[in-house]
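In: missing the sequence, but the structure's below:
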């Protein structure tokens, strides 16, 4: 299987090499990517439905032991849930993040999902504030905190935004971690499993959270990162390390913003940034150029790491 980042990089190289033929190849590449994702996600949807039917509609969660800990997972979830059932999820990311915290560190995770990263990280820091908007995954998060005796994690079932308002939210099932605010532009990637649309109350984290002194902040909320950061300027200005998801299709469709707008809410005290997926490290002066190239080539990064030292 070709990864999202590899596919985007290879297509970009082909376009550059072919010069005048670039536009035709680019369009063909987009069509191939669309076909790939429709087939891939369609198969996952069918598999998820078969599993749900086999287990019965009364089964709401499966308890599984993993490298991350003991977890209650949604049987329909074929992403994080399936990976936890198969042994573990995001272990490399946990190991990578551990070097930015210690036993005195305070961590804020916006987009905690069911706790697959928060719970193992909680063993290496003082406390974690866990934000999760999806009410279904929040229920599993609360169960998983009890299963793992994670007493230093404080969960909040709220939607992080740039204002206090009601927002429409998609409840995806095949990949519950892909649940998100209703995109400004529709895309098959977001509605292939016919997600239920609910309405959530949203909050500015600067107003909602009493504490603003976090050492490490993780932001992974499926295209709403810009809006959340816009509503947590004070919190961000005090953090030492920020890890934020950067997916061009989310910026273009969910948030409908460009790179310049995305970077406008980034605090100016960061000095470096790292792209773990792409194995790159840069000075902050290069951030606009680097992210613009990624944006134009549809190359994503699950977590750009911004550091201040």
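Out: Good, I have the coordinates. Computed from a predicted structure; not experimentally measured. Numbers count the residues shown, from 1 in each chain.

In: show me where pLDDT drops low in the stretch 101-250 of the chain?
Out: The model of the stretch 101-250 of the chain has no residue with pLDDT under 70.

In: can you give me the strands for it?
Out: 106-110, 127-131, 153-156, 159-160, 166-171, 180-181, 196-203, 216-219, 241-246 (DSSP state E, counting those that start in this stretch).

In: out of the ones you listed, which comes closest to residue 189?
Out: Closest to residue 189 of the strands of the stretch 101-250 of the chain is strand 180-181 (Cβ to Cβ; 10.3 Å). The C-beta positions use only the backbone N, C-alpha and C, and glycine is treated the same way.

In: next one: that closest one to chain centre, how far?
Out: Distance, stretch centre to chain centre, for strand 180-181: 11 Å (Cα atoms, centre = their mean, to the nearest Å).

In: Name the residues that touch that strand?
Out: 159, 167-170, 172, 190, 221-224, 227, 250, 254 (Cβ atoms under 8 Å, 6 or more residues apart in numbering).

In: Repeat the analysis, applying 6 Å as the threshold.
Out: Applying Cβ atoms under 6 Å, 6 or more residues apart in numbering, the contact partners of strand 180-181 are 167, 169-170, 222-224.

In: which one of those residues is nearest residue 289?
Out: Out of the contacts of strand 180-181, the member with the shortest distance to residue 289 (by Cβ to Cβ) is residue 223, at 22.6 Å.

In: Tell me the secondary structure at the closest residue to residue 63 other than its chain neighbours.
Out: Among residues not flanking residue 63 along the chain, residue 72 sits closest, at 5.5 Å (Cβ to Cβ, 6 or more residues apart in numbering). Here residue 72 is recorded as strand under DSSP: H, G, I helix; E, B strand; the rest coil.

In: ok, residue 72 to residue 137 distance?
Out: Distance of residue 72 to residue 137, computed by Cβ to Cβ, to the nearest Å: 10 Å.

In: re earlier: show the contacting residues for the residue nearest to residue 63.
Out: Contacts of residue 72 (Cβ under 6 Å, 6+ apart): 61, 63, 140, 143-144.

In: And for residue 155?
Out: 130, 141.

In: mind listing the helices for the chain?
Out: Using DSSP state H, the helices of the chain run over 4-18, 22-55, 80-85, 91-98, 118-121, 135-147, 188-191, 205-208, 225-230, 233-238, 248-249, 259-263, 287-296.

In: gap between the last one and the chain center?
Out: Its chain's average C-alpha position is 19 Å from that of helix 287-296, according to Cα atoms, centre = their mean.

In: Please find the angle between the direction vectors of it and strand 241-246.
Out: Helix 287-296 and strand 241-246 are oriented at 30 degrees to each other (axes from the mean of the first three to the mean of the last three Cα atoms, to 10 degrees).

In: Fine, thanks again, bye for now.
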